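Asks: pasting the structure only:
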């Protein structure tokens, strides 16, 4: 039988989403399993393989799976390993994820990369970056990830870990501490967590009125809702977040001269508040030759499918 | 006859160096012509072609030239054009340099790129980066240029102008104005001109004793000589310059995860004063996974030949 399908798996800290995808990018069957109930990788891989086998049977896809693509935090494309992933209980050491999963799946080949690189491949294969050979994907989620595409290929670098733009320095002096231990990282400002931190800091430092004051534990979603209500402080928080992001995007453009920057992830939903400050700062900070020339676009993938599609796109290359 | 030789041309603001190079990277004949005596590109190309034809005859290399590689400020690899090069009298508009030169040289193919990219290709073909597939070349000259190599290929980006790391932002607020018009660029601090500016600013702002005070018009070479004499201010200037460079190198590592950073150019001669502060700042600012892992190396090409070799290396790909 022709191997005309692939599987995409998005491994997250709490859950892992799995889907069977056809060549047109349609997710024809999907399932979710918990990631955080296993303390070691063995039982997790066993559960995952069981769920995939069931999914394949339900979709009558036996013998048709060409390969499995996995997007995972700190996933290394070269080695197929997950290394030092703080958000995965079983991923704090080096785990030979691709090899273990392939063994459990009767030798179906498995390709693995980090989640942001998977998102970039997905966007290039099925989404807003289709046909583009040079773009940078920035994922604005709990953290800030990135997938860099140059000449139609994801940049993995010497060791497989290239594209950590969330940990480039946005605020050089007196910057906030980031989850990685460094200070002033882009991620400390332009992630969902960063936006919530900005809100809490600003509320504490001023007595400006804001509907955010009534909340107990502020999230980036609260800031977004407040901005939609016209709350001035919430709007200023997005203007600040967008400026910091735009300033760094200018640096990235000077590196690889992309055709477009693609924004993706939960925080990218706030595009009505981010686009203007991002573009303004980006264009003010690039060399004249790129001013107003590099596109800022948003992921066009259906959010519930995007992670699976991104990972699955890797498997076509197998 | 076998076409076993190439020509390399390094177009600079004042002079253009030309050489015939064999497959081993030996410059078997060379010459220099003035760049700044022509106001338009036509007469310059005519003079250049005449000089090359004479050089070929002297070296008995008629019929053996496989191609010509040109490194020039703002040279575009995709189009073969020099565009908006402020330091070239005839290069302020768009000039079809590769096409014009090829026509004057009886159709010998001509490949062109910017000078820093040419240096990176030269280093990869003949120099310290031989065998490396992922490295970043930083040229510390009058300005700061860069050539980025990923997977064994120079990064040109969507438009051919990628790799302008000298114009990424090193000092976000109250930065110095750069020659490009922006403020706080790496080039405004870590070029020969930047080092001289630092010296002049610091002398004005303090009354600290320094042998630099006796000089009329300070150059980066003066600062280097003073540092060799143990002058404290000169040493501090290199520590400052090195820190700024190292901080930005950390950002670049997070972009493309190179095996090494290669420093090149006049200012790189001050390596005894730069290496320590550069490495310290670079390692303090990268993610732990790259700490003390990315090499900092210096160009190994003979300086007088390096520019010609770099440009000539392009021609082998023709």
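Replies: Cool, the structure landed. Just so it is clear, the model here is predicted, and its values are computed rather than measured.

Asks: is any residue of stretch A:125-133 near chain B?
Replies: Yes. Residues of stretch A:125-133 are located near chain B by Cβ under 8 Å from any Cβ of the partner chain, namely residue A:133. C-beta: built from backbone N, CA, C; applies to glycine.

Asks: quick one: contacts of that stretch?
Replies: Under the contact criterion Cβ atoms under 8 Å, 6 or more residues apart in numbering or on different chains, stretch A:125-133 has outside partners A:25, A:120, A:123-124, A:135, A:137, A:149-152, A:259-260, A:262, A:297-301, A:306, A:309, A:313, A:316, B:158.

Asks: filter these to the buried ones?
Replies: Applying 16 or more other Cβ atoms under 10 Å in any protein chain shown to the contacts of stretch A:125-133, the neighbour count classes A:25, A:120, A:123-124, A:135, A:137, A:149-150, A:259-260, A:262, A:297-299, A:301, A:306, A:309, A:313, B:158 as buried.

Asks: among those, which are in strands?
Replies: Assigned to strands by DSSP state E, the following of the buried ones among the contacts of stretch A:125-133 qualify: A:135, A:137, A:149, A:150, A:260, A:262, A:297, A:298.

Asks: show me which pair in these is furthest apart.
Replies: For those, the farthest-apart pair by Cβ to Cβ is A:150 and A:298; their separation is 21.0 Å.

Asks: looking at the ones in strands among the buried ones among the contacts of stretch A:125-133, which is nearest chain B?
Replies: Within these, proximity to chain B (Cβ to the nearest Cβ) peaks at residue A:150, which comes in at 5.7 Å.

Asks: for that closest one, which residues make a bridge with it?
Replies: residue A:153 (DSSP bridges).

Asks: who's in contact with it?
Replies: When the contact criterion is Cβ under 8 Å, 6+ apart, the partners of residue A:150 are A:133, A:134, A:256, B:150, B:155, B:157.

Asks: pipe those residues into JSON lines and attach pLDDT and distance to residue A:57 per row.
Replies: Supplementary listing: the contacts of residue A:150 in JSON lines, determined by pLDDT from 0 to 100; distance: Cβ to Cβ, whole Å:
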{"residue": "A:133", "pLDDT": "97", "distance to residue A:57": "39"}
{"residue": "A:134", "pLDDT": "98", "distance to residue A:57": "41"}
{"residue": "A:256", "pLDDT": "98", "distance to residue A:57": "44"}
{"residue": "B:150", "pLDDT": "98", "distance to residue A:57": "42"}
{"residue": "B:155", "pLDDT": "97", "distance to residue A:57": "46"}
{"residue": "B:157", "pLDDT": "97", "distance to residue A:57": "46"}
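
Asks: now a PyMOL select for only the buried ones of these.
Replies: The buried subset of these, as determined by 16+ other Cβ under 10 Å, is captured in PyMOL by this line:
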select buried, (chain A and resi 134+256) or (chain B and resi 150+155+157)
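
Asks: I'd like the contacts of residue A:150 as JSON lines, with distance to residue B:214 appended.
Replies: JSON lines is the format used below for the contacts of residue A:150 (distance: Cβ to Cβ, whole Å):
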{"residue": "A:133", "distance to residue B:214": "56"}
{"residue": "A:134", "distance to residue B:214": "51"}
{"residue": "A:256", "distance to residue B:214": "45"}
{"residue": "B:150", "distance to residue B:214": "47"}
{"residue": "B:155", "distance to residue B:214": "45"}
{"residue": "B:157", "distance to residue B:214": "46"}
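
Asks: among the contacts of residue A:150, which two are most distant?
Replies: Considering Cβ to Cβ, no two members of the contacts of residue A:150 lie farther apart than A:133 and B:150, which are separated by 13.4 Å.

Asks: adding distance to residue B:267, write the ones in strands among the buried ones among the contacts of stretch A:125-133 out as TSV.
Replies: Rendered in TSV, the data for those read as follows (distance: Cβ to Cβ, whole Å):
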residue	distance to residue B:267
A:135	34
A:137	35
A:149	33
A:150	28
A:260	35
A:262	37
A:297	39
A:298	42
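
Asks: tell me which of these is nearest to residue B:91?
Replies: Of all these, the one with the least separation from residue B:91 (Cβ to Cβ) is residue A:150, at 27.0 Å.

Asks: distance of the closest one relative to residue A:310?
Replies: Relative to residue A:310, residue A:150 is positioned 18 Å away (criterion: Cβ to Cβ, to the nearest Å).

Asks: can you list contacts of the strand or helix carrying residue A:224?
Replies: In this assignment (DSSP states H and E), residue A:224 forms part of helix A:220-228. Counting by Cβ under 8 Å, 6+ apart, helix A:220-228 makes contact with A:192-193, A:195-196, A:199, A:210-212, A:215, A:233-235, A:237-238, A:266-267, A:269-270, A:273, all of which sit outside it.

Asks: 6 Å instead?
Replies: Outside of helix A:220-228, the residues that reach it under the criterion Cβ atoms under 6 Å, 6 or more residues apart in numbering or on different chains are A:192, A:195-196, A:199, A:211-212, A:215, A:234-235, A:237-238, A:267, A:270, A:273.

Asks: for these, which ChimeraX command selects only the ones that are buried?
Replies: In ChimeraX, this line selects whichever of the contacts of helix A:220-228 come out buried by 16+ other Cβ under 10 Å:
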select /A:192,195,196,199,212,215,234,235,237,238,267,270,273
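
Asks: output the contacts of helix A:220-228 as TSV; include the columns pLDDT, secondary structure and distance to residue A:290.
Replies: Rendered in TSV, the data for the contacts of helix A:220-228 read as follows (pLDDT from 0 to 100; DSSP: H, G, I helix; E, B strand; the rest coil; distance: Cβ to Cβ, whole Å):
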residue	pLDDT	secondary structure	distance to residue A:290
A:192	95	helix	29
A:195	98	helix	27
A:196	97	helix	32
A:199	98	helix	32
A:211	96	helix	39
A:212	97	helix	36
A:215	94	coil	40
A:234	98	helix	31
A:235	98	helix	28
A:237	98	helix	28
A:238	98	helix	24
A:267	94	helix	24
A:270	96	helix	25
A:273	98	helix	24
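
Asks: off-centre distance for the lowest-mean-pLDDT helix or strand in chain A?
Replies: Ranking every helix and strand in chain A by mean pLDDT, DSSP states H and E puts helix A:303-316 at the bottom, with a mean of 86. On the basis of Cα atoms, centre = their mean, to the nearest Å, helix A:303-316 is displaced by 11 Å from the centre of the chain it belongs to.

Asks: tell me the helices and strands packed up against that helix.
Replies: Of the remaining helices and strands, those touching helix A:303-316 by 3 or more Cβ pairs under 6 Å, 6 or more residues apart in numbering or on different chains; DSSP states H and E are strand A:5-11, strand A:15-22, strand A:65-71, helix A:115-126.

Asks: which among the contacts of residue A:150 gets closest to residue A:61?
Replies: The shortest gap between residue A:61 and any of the contacts of residue A:150 belongs to residue A:133, at 32.0 Å (Cβ to Cβ).

Asks: can you give me the buried ones in stretch A:92-110?
Replies: Under the neighbour-count criterion of 16+ other Cβ under 10 Å, stretch A:92-110 has A:95, A:96, A:97, A:98, A:100, A:101, A:102, A:104, A:105, A:108, A:110 buried.

Asks: residues contacting the residue in the stretch 201-318 of chain A that chain B sits nearest to?
Replies: Chain B sits closest to residue A:257 of the stretch 201-318 of chain A, with a gap of 2.6 Å, by Cβ to the nearest Cβ. The contact partners of residue A:257, taken as Cβ under 6 Å, 6+ apart, are B:157, B:158, B:159, B:161, B:162.

Asks: what sits closest to the third one if chain neighbours are left out?
Replies: So the one you mean is residue B:159. Closest residue to residue B:159 in three dimensions, ignoring its sequence neighbours and counting by Cβ to Cβ, 6 or more residues apart in numbering or on different chains: residue A:257, at 5.5 Å.

Asks: what does the fourth one give?
Replies: What sits nearest to residue B:161 in space, not counting adjacent residues and going by Cβ to Cβ, 6+ apart, is residue A:257, at 5.2 Å.
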